[in-house]
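A.B. asks: this is a predicted model, with the sequence first.
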Amino acid sequence: MEAASREPVLLAEVLAGASAALRHADRTGTAVPDVRDPARTPCRRCGIPAAWHRTVHGRWILMEPGDFPVGHVPAGKRWRIAGDGTAVALGRAEPADSCRVSHFDVCPAAEAPAESLTLLSLWWRNSRHRSRS
């Protein structure tokens, strides 16, 4: 069985992201979030709670809870959360692998996704949750 290919995380990228977070925290007096313990916060657009994770490029992405089979999620929409809490875009993967989905791809404040039934069902679930809130 062939191992899933992953892009390497360069130490320089990790250090640059950490350095930027520390500079921002120093300027604003805010705490630096712990990427190993993501905060569940509501989406600004729809109010549904999801977990923030830092990407390997130092940006933050809101992730839906739960894992999904990679065969049900379109390429380019697949994520994996590394052991340190970093969100990594998942390239090729074995069919038996699982992946995570960004909340931005299934946010009910945006148009319904047409790429996959899994994304559409998550969008509908979030839409129903939003209407009850």
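C.D. replies: Done, it's in.

A.B. asks: quick one: buried residues of the longest strand that the chain contains?
C.D. replies: Longest strand of the chain, by residue count under DSSP state E: strand 49-54. Under the neighbour-count criterion of 16 or more other CB atoms under 10 Å, strand 49-54 has A50, A51, W52, H53, R54 buried. In this view, the C-beta of every residue, glycine as well, is placed from N, C-alpha and C.

A.B. asks: what's the angle between the helix or strand in which S121 is found and strand 49-54?
C.D. replies: Assigned by DSSP states H and E, S121 falls within helix 117-132. For helix 117-132 against strand 49-54, the angle by axes from the mean of the first three to the mean of the last three CA atoms, to 10 degrees is 120 degrees.

A.B. asks: for helix 117-132, could you pull out the residues that count as buried?
C.D. replies: Those would be T118, L119, L122, W123, N126, S127, R130, for helix 117-132 by 16+ other CB under 10 Å.
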